[in-house]
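In: Sharing a model prediction with you, sequence too.
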Amino acid sequence: MTTPLIEARGLVKRYGTTDALRGASLRLLPGEVLAVTGPSGSGKSTLLHCMAGIVRPDEGEVRYGAERLDQAGENRRSTLRRTDFGVVFQFGQLVGELTALDNVALPLLLAGTSRAAAHKSAGTWLERFGVLGQAGLRPGEMSGGQGQRVALARAMVTAPKAVFADEPTGALDSLAGEQVMTALVHAARESGTSVLLVTHDAQIAAYADREATVRDGVVETEDEPAAEVTR
Amino acid sequence: MSALRSDALLAWAMLRGSPRSERWRLALTGLGAALGTGFALAAAVVAVIGTRYGGGPPSYTNGLLNEGGLRPGVITALLLLIVPVLAFVGQCTRIGALQRERRFAALRLAGATPRQVRRIGALETAAACGVGSLAGLTGFLALRLVLHAGQQAGGGDGGPQQRALTWPTDVPVPWAAFLAVVLGLPLLATLEAWFTLRRAATDPLGAAVRRRRPRRFRRVRLLPGPLALLAATGLLLMAMSRKLGPDTPFFAATGLVLPLYLFGLLTSSAGMAAAMGRLASRSGRPALMIAGKRLRADPWAASRAHTAVMLAALIGVGYLTVRRVALDALRAEPEHHPDLAFYVGGYNLAGLALLIGVAVTISGLAVSVAESLTARRRTLAALAAAGTPRKVLRRAVLLETALPLAPAIVLSAACGLAVTGPFLVARAWSARPLLEAALLAGGLLAASLLATAASLPLLRYSVHPAQLRYE
């Protein structure tokens, strides 16, 4: 049995009187693309936030290798987001004041990489996602699809172990959505990065190797892992 | 050091790409720093008069500068002017707060630690304050040159041997003072920014969530304010009825009463806004109802700016009372006080300082209203889209200022009159400057409404239907 890259067990998360998660468990295996689907308000985004270390669960545990993310401090979880994890949301994750190049270089700059080296890496990833021509533009000056591809480049620039994508195509038309998903899956498979993809769109979920369904705060179904994940 | 350099580079990159509201914030922050620098440098000049750095014995037309015993008062007044300036700079940090919060959240998502985000935010403020401080220094030196040239040309008021100057432009200011002011003020503002950003920098999800949970208004938090006001009034009445003993140190009692009043007013402003909001929201008039519901929903929104106006009312009325009592005493015995003009000049100077403080405070209120109109544009646009006439919205915005401020100013003015009570009793004068106090309170309210009205043109932009289309 493959050792999971990240494993969530019995996660409980409450927002006020609302139970977002009620004992959800999920495994993300190395190099796989895992789609988490479910109706609106089922808790799939909260599950992603907990597994990415963005929020801490109230109960349960999140294991990343030997490390307990649910017990890690704010600084450690922030460091993981700029070294081991990449995050892509539906909107809002790019800094509106920075150019696409600076946005992609951001995790490297925050880690203390020199500006020249950070920009060089950022340029390479912008080119891989086909948006090098937009390097000097700010998010407000780009189309939705271009913005999401810049966000993907930023998520991949640190060569992360896992990318967490929460409805990455939710604000795009179907063609742009397909382009973004193709680019994400292709880049992830090339670099062996795991992808946890939250979506309510069956067409987008079809890009994944496995699928898990969340309903009422628990993982209702989860596909068994294939014997070998295609890379 | 490399982390600081990296953060500084990021702050600079964001500054270059910042939207108009952000540039306004930074420009106004710089203006505040320039004003503060001017006041601090003026205080430094007065501080060196008569010392070994200050040349010969002082000889100025204004007696306050000649008297060694009075100069500390002038220095204190000038330094106290920095307080409303710092409050103004603090108010300016609210401009574009929503956008900044999203920016910080996006940085957090990209892996910035809360400390890094606060450092980047504080560096932005440091840069704006540094530039403002340098501009203030340049302005101060230029003004000093102009005044000095004017005094040289005019020849002063005395003879050629001993000319009395109006302004102390003959005093060389030590470079250490220049450095302390130009570096110290931005440092102070940066520390303030570091402190105020403690909440803004914590949530990495702020970028992706559409709406934040509104802050719950807890009634229990309203208790300390009225309790402090009651305690202060009780203490004051005891002191005035001499129940604390025949040799009651009235001024010591006042020393306790004033801080209690200040604390009481500071913690009561949101409560008053909530209470007025509750009353107004029951009204059938649309503007009153909209203003009332807004005040009830977020009574803390303008409390910082309103608190500054309340303090201005308290200190202003206190000043008017002391001025009237002291000058009446001097005028009652003209034979013992031939230098009445000297004292009048002194009080006028203090009044001028107070007026400058009030002007800075009212500017802070205007900034606060403008920020609020920009931050609430989606709500305002939704109201307009639902058919609320713009005239009604304009009235509602004015009422949002008037409803909580009118009783707050009256209460503060009453506290100002009360706190000088022992002072009046001690000298057996019963006449309080009620008319002046009423005029001051009315003037402050009118100025506050004018400041609000000055921000109303922004409403046209805020209610545009396009505000509803984009996130």
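Out: That came through, no problem. Numbering: from 1, shown residues only, chains lettered A, B, ... in the order given.

In: CA atoms for contacts and neighbours, from now on please.
Out: Fine.

In: Can you give me the distance of the residue most central in space within chain A to chain B?
Out: Chain A has residue A:164 as the residue nearest its centroid, 1.3 Å off, counting by C-alpha atoms, centre = their mean. Residue A:164 is 11 Å from chain B, where distance means C-alpha to the nearest C-alpha, to the nearest Å.

In: what's the answer for residue A:103, then?
Out: 9 Å.

In: OK, contacts around that residue?
Out: For residue A:103, the contacting residues are A:94, A:95, A:150, A:154, by C-alpha atoms under 8 Å, 6 or more residues apart in numbering or on different chains.

In: does it belong to a helix or a strand, and which?
Out: If you go by DSSP states H and E, residue A:103 is part of helix A:100-110.

In: Please identify the residues of the stretch 51-200 of chain B in proximity to chain A?
Out: B:102, B:103, B:106, B:107, B:108, B:109, B:110, B:111, B:112, B:113, B:114 (C-alpha under 8 Å from any C-alpha of the partner chain).

In: and which of these is nearest to residue B:176?
Out: Nearest to residue B:176 among these: residue B:114, at 35.3 Å, using C-alpha to C-alpha.

In: Name the nearest of the contacts of residue A:103 relative to residue B:375.
Out: Nearest member of those to residue B:375, counting by C-alpha to C-alpha, is residue A:95, at 18.6 Å.

In: the helices in chain A, which residues?
Out: A:44-51, A:74-83, A:100-110, A:115-128, A:144-156, A:174-191, A:202-205 (DSSP state H).

In: buried subset of the contacts of residue A:103?
Out: A:94, A:95, A:150, A:154 (16 or more other C-alpha atoms under 10 Å in any protein chain shown).

In: wait, the last one sits on residue A:105?
Out: Yes - Residue A:154 is in contact with residue A:105 according to C-alpha atoms under 8 Å; the separation is 7.0 Å.

In: shared neighbours, those two?
Out: With C-alpha under 8 Å, 6+ apart, residue A:154 and residue A:105 have common neighbours residue A:122.

In: Please point out which parts of whichever helix or strand residue B:418 is part of sit buried.
Out: Under DSSP H and E, the secondary-structure element containing residue B:418 is helix B:390-419. Within helix B:390-419, the residues that count as buried by 16+ other C-alpha under 10 Å are B:392-419.

In: by contact count, what packs against it?
Out: Helix B:390-419 is packed against helix B:224-240, helix B:250-281, helix B:286-297, helix B:303-332, helix B:434-455, with contacts defined by 3 or more C-alpha pairs under 8 Å, 6 or more residues apart in numbering or on different chains; DSSP states H and E.

In: can you rerun that using 6 Å?
Out: If you count contacts as 3 or more C-alpha pairs under 6 Å, 6 or more residues apart in numbering or on different chains; DSSP states H and E, helix B:390-419 packs onto helix B:286-297, helix B:303-332.

In: just the angle between the first one and helix B:250-281, please?
Out: Between the axes of helix B:286-297 and helix B:250-281, defined by axes from the mean of the first three to the mean of the last three C-alpha atoms, to 10 degrees, the angle is 120 degrees.

In: Count residues in the vicinity of the residue in the stretch 301-450 of chain B that chain A sits nearest to, would you?
Out: For the stretch 301-450 of chain B, the residue closest to chain A is residue B:375, as judged by C-alpha to the nearest C-alpha, at 16.9 Å. For residue B:375, the count of nearby residues is 18 (other C-alpha atoms under 10 Å in any protein chain shown).

In: any idea which element the residue most central in space within chain B lies in?
Out: When C-alpha atoms, centre = their mean is applied to chain B, the residue found nearest the centroid is residue B:84 (3.0 Å). Applying DSSP H and E as the criterion places residue B:84 in helix B:82-92.

In: Could you check the angle whichever helix or strand comes after that helix makes with helix A:74-83?
Out: Beyond helix B:82-92 in the direction of the C-terminus, DSSP H and E gives the next helix or strand as helix B:97-109. Here helix B:97-109 points in a direction 80 degrees away from that of helix A:74-83 (the same axes, to 10 degrees).

In: Please write out the alpha-carbon positions of helix B:97-109 in CSV.
Out: Output in CSV follows, covering the C-alpha atoms of helix B:97-109 (Å, rounded to 0.1, in the frame of the first residue of the first chain):
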residue,chain,number,x,y,z
ALA,B,97,-8.3,48.9,4.4
LEU,B,98,-10.4,46.3,2.6
GLN,B,99,-8.1,46.2,-0.4
ARG,B,100,-5.0,46.1,1.8
GLU,B,101,-6.5,43.3,3.8
ARG,B,102,-7.0,41.3,0.6
ARG,B,103,-3.4,42.0,-0.4
PHE,B,104,-2.1,40.9,2.9
ALA,B,105,-4.2,37.7,2.7
ALA,B,106,-2.9,37.0,-0.7
LEU,B,107,0.6,37.4,0.6
ARG,B,108,-0.2,35.0,3.4
LEU,B,109,-1.6,32.5,0.9
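
In: Which strands and helices lie in contact with the helix or strand following that helix?
Out: Where DSSP H and E defines the elements, the next helix or strand beyond helix B:97-109 is helix B:114-154. Secondary-structure packing of helix B:114-154 (3+ C-alpha pairs under 6 Å, 6+ apart): helix B:20-48, helix B:175-196.

In: Reformat these into CSV and put distance to residue B:327, mean pLDDT and mean neighbour count next to each item.
Out: CSV is the format used below for the helices and strands packed on helix B:114-154 (distance: least, C-alpha to C-alpha, whole Å; pLDDT from 0 to 100; neighbours: other C-alpha atoms under 10 Å in any protein chain shown):
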stretch, distance to residue B:327, mean pLDDT, mean neighbour count
helix B:20-48, 25, 87, 23
helix B:175-196, 35, 84, 18
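
In: Kindly present those helices as TSV, with separate columns for distance to residue A:132.
Out: Shown next, in TSV, are the helices and strands packed on helix B:114-154 (distance: least, C-alpha to C-alpha, whole Å):
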stretch	distance to residue A:132
helix B:20-48	27
helix B:175-196	36
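
In: circling back: separation between the residue nearest to the centre of chain A and residue A:48?
Out: 7 Å (C-alpha to C-alpha, to the nearest Å).

In: repeat for residue B:133
Out: Relative to residue A:48, and taking C-alpha to C-alpha, residue B:133 is found at 47 Å.

In: Same drill for the two, tell me which one is more crowded.
Out: Set side by side, residue B:133 and residue A:48 show more neighbours around residue B:133, with 27 against 22, by other C-alpha under 10 Å.
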